[in-house]
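Asks: what would the 3D arrangement of this be:
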Amino acid sequence: MDGSVIEIVDGETVSVTRIKRANGSDTPTPMPDVDDTAFGQAHVVEEEAMGGRRTVIVRKWFCYRGADVQGGDRITRENGEVYSIIDGPFADNDHPLTGDDLDVMWFQLKRVNTPRG
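Replies: Below you'll find the model as predicted:
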């Protein structure tokens, strides 16, 4: 271990895409991959939308402090699932009581699946 209190071992590598929005259009920019990440439990909500059903999935995503990710970025899992970062980072600071560097932060993610056809 490198001195941090929490370490994600053999975690999942994700691809990060930064989305720049200007004049009504999105411009994707590939960012460095983030290694050794972990996903929290998925919470699924089904909603009626535009005459069909859609599934909204929210979950936590854990990565090392200092990873170049921010709200609005899209992350792609090894299995191809794509999520948007909707909130965070959380815990991106030393422990408030001990001062220990936990070396992990987390974000809230969202994925929307819409019906096709």
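Asks: any idea how far apart the tips of stretch 70-83 sit?
Replies: For stretch 70-83, the first-to-last residue distance is 13 Å (C-alpha to C-alpha, to the nearest Å).
Asks: give me the buried positions along that stretch.
Replies: 73, 74, 75, 77, 83 (16 or more other C-beta atoms under 10 Å). Quick note: C-beta positions are derived from backbone N, CA and C, even for glycine.
Asks: contacts for it next, please.
Replies: For stretch 70-83, contacts defined as C-beta atoms under 8 Å, 6 or more residues apart in numbering pick out 12-19, 21, 28, 31, 34, 39, 57, 59, 61, 69, 84-88, 107, 109-111.
Asks: circling back to that earlier point, from the buried residues of stretch 70-83, pick the one nearest residue 93.
Replies: residue 73 (20.1 Å; C-beta to C-beta).
Asks: so what's the spatially closest residue to the closest one that is not a sequence neighbour bridging to?
Replies: Among residues not flanking residue 73 along the chain, residue 85 sits closest, at 4.9 Å (C-beta to C-beta, 6 or more residues apart in numbering). Residue 85 has these beta-bridge partners by DSSP bridges: residue 109.
Asks: for residue 85, grab the count of nearby residues.
Replies: Neighbour count of residue 85, defined by other C-beta atoms under 10 Å: 20.
Asks: shouldn't it be in contact with residue 108?
Replies: Yes: the criterion here is C-beta atoms under 8 Å, and residue 85 meets it with residue 108 at 7.4 Å.
Asks: between those two, which contacts overlap?
Replies: In contact with both residue 85 and residue 108: residue 61, using C-beta under 8 Å, 6+ apart.
Asks: relative to residue 20, how far out is residue 31?
Replies: Separation of residue 31 from residue 20 (C-beta to C-beta, to the nearest Å) stands at 12 Å.
Asks: between those two, point out the one with more neighbours.
Replies: residue 31 (17 against 10).
Asks: partners of the host helix or strand of that one, with directions?
Replies: Residue 31 belongs to strand 25-39 when assigned by DSSP states H and E. If you go by DSSP bridges, strand 25-39 pairs up with strand 12-22 (antiparallel), strand 52-64 (antiparallel).
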